[in-house]
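# Fold the following.
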Amino acid sequence: MSLDERRQSGLSALALGDVEFDVPLAPLTRLGIGGPADALIRIDSIDSLERLKRWCRRERLPLAPVPSGPALLVKDAGMRGVVAVAGDAAEEGVLAAVAGLDPKAHGMDLSEFPSGARIFFDPEGHRAEDLIREAGLAGVRLRGARVSEGEPNVVINEGEASARDVLALVDYLKRKVEGRSGVKLKELLRVVGRDRP
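Presented below is the predicted three-dimensional model:
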């Protein structure tokens, strides 16, 4: 559901930065997956971010940073409300302040997997990647989603994966690993956004 005309006009009238509506999020995410945000705004100052927070509270709209964490998946119907990103001319500290909108974001470095996301926490006494490898699941594919061969605790978008594909693959891994080893894997991958109807 997009923002209604009143909210679109109200957000634009705040003059806080560049605002776009119904913006596809897939190109902005690590996995390259995800539907549109109702609104995307590029913030250049802490003051603008604070004013945006107040407006979103008043309008009862969620406010989130661009979903770029290495363990984050945006669902196929996208994100409701306003998504913020630091603008190109942002003052110092804006990037950290925008990222701070999401206190649950994980800060792991997956630079060697530009289109990948880590999937599971390591269970006590085990490494998730070893359990996945031992279950013969390294390299397994589901449509466009693939388990990395070299680092089996990473899911990779081969180009056409949907969030539904990734979630189905994650569920498959959990069931197969538990069936083989008896260990229940807990998802590190954090899912945001809405399912398609």
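# List the pairing partners of the helix or strand of the chain with the lowest mean pLDDT within its sheet, with orientation.
Every helix and strand of the chain was ranked by mean pLDDT, DSSP states H and E. The lowest is strand 116-118, at a mean of 82. When pairing is defined by DSSP bridges, strand 116-118 lines up against strand 154-157 (antiparallel).
# Report the distance from the strand it pairs with to the chain centre.
Relative to its chain's centre, strand 154-157 lies at 13 Å (C-alpha atoms, centre = their mean, to the nearest Å).
# contact partners of that strand?
For strand 154-157, the surrounding residues in contact (C-beta atoms under 8 Å, 6 or more residues apart in numbering) are 31-33, 110, 113, 115-119, 144-148, 166, 169-170, 189. To be clear about C-beta, it is placed using only N, CA and C from the backbone, and glycine gets the same treatment.
# hmm, 10 Å instead?
Strand 154-157 has contacts (C-beta atoms under 10 Å, 6 or more residues apart in numbering) with 26, 29-33, 70-71, 73, 110, 112-120, 129, 132, 140-142, 144-149, 161, 163, 165-167, 169-170, 173, 189.
# In strands only, show me those residues.
Using DSSP state E, 73, 116-118, 141-142, 145-147 are the members of the contacts of strand 154-157 that sit in strands.
# for this protein, what spans make up the helices?
Using DSSP state H, the helices of the chain run over residues 5-13, 46-59, 94-99, 128-134, 163-181.
# Mean pLDDT and distance to Ala86 for those helices - can I get that in JSON lines?
Shown next, in JSON lines, are the helices of the chain (pLDDT from 0 to 100; distance: least, C-beta to C-beta, whole Å):
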{"stretch": "helix 5-13", "mean pLDDT": "94", "distance to Ala86": "17"}
{"stretch": "helix 46-59", "mean pLDDT": "95", "distance to Ala86": "9"}
{"stretch": "helix 94-99", "mean pLDDT": "85", "distance to Ala86": "4"}
{"stretch": "helix 128-134", "mean pLDDT": "96", "distance to Ala86": "32"}
{"stretch": "helix 163-181", "mean pLDDT": "96", "distance to Ala86": "25"}
